[in-house]
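In: no sequence for this one, just the structure:
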């Protein structure tokens, strides 16, 4: 027999999984693919610890694009972050 889950535990599991997926993709050099899970965290779980990490990673990715001279990509990441996390 399984234990009943505490309120919020499904959300916590999803946010942890999204962060793990995004970090795994980024670690494999799949930067573009990592953006969606990071952005989902920020948009759907903004109060989670994982969303704070995702925001920092997205800012770092945007800075990496900027330093590589890929200004359009840097701007695109920042725009998507802004849409995912309005009002900040």
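Out: Thanks, I have the structure now. A quick note: this is a predicted structure, and the numbers were derived from the prediction, not measured. Numbers count the residues shown, from 1 in each chain.
In: If you count neighbours, what's buried in whichever strand or helix holds residue 66?
Out: For residue 66, the host element (DSSP states H and E) is helix 49-67. Going by neighbour count (16 or more other C-beta atoms under 10 Å), the buried part of helix 49-67 is 50, 51, 53, 54, 55, 57, 58, 61, 62, 65. For the C-beta atoms, the positions are set from N, CA and C on the backbone; glycine is no exception.
In: Okay, now the unreliable bits of the chain?
Out: The model of the chain has pLDDT under 70 over residues 1-8, 86-88.
In: Spatially central residue in it, please.
Out: Most central in the chain under C-alpha atoms, centre = their mean is residue 38, positioned 1.5 Å from the mean C-alpha point.
In: Which neighbouring elements make contact with the helix holding residue 66?
Out: Using 3 or more C-beta pairs under 8 Å, 6 or more residues apart in numbering; DSSP states H and E, the elements in contact with helix 49-67 are helix 9-27, helix 31-44, helix 71-84.
In: Just give me how far the last one sits from the chain centre.
Out: A distance of 13 Å separates the centroid of the chain from that of helix 71-84, by C-alpha atoms, centre = their mean, to the nearest Å.
In: what's the answer for stretch 44-64, then?
Out: The chain centroid and the centroid of stretch 44-64 are separated by 5 Å under C-alpha atoms, centre = their mean.
In: what about residue 74, neighbour count?
Out: Look at residue 74: counted by other C-beta atoms under 10 Å, it has 18 neighbours.
In: That one: what's it in contact with?
Out: Shown in contact with residue 74 (C-beta atoms under 8 Å, 6 or more residues apart in numbering): 62, 63, 65, 66.
In: how far away is it from residue 13?
Out: 32 Å (C-beta to C-beta, to the nearest Å).
In: how about the nearest residue to residue 78, chain neighbours excluded?
Out: residue 62 (5.2 Å; C-beta to C-beta, 6 or more residues apart in numbering).
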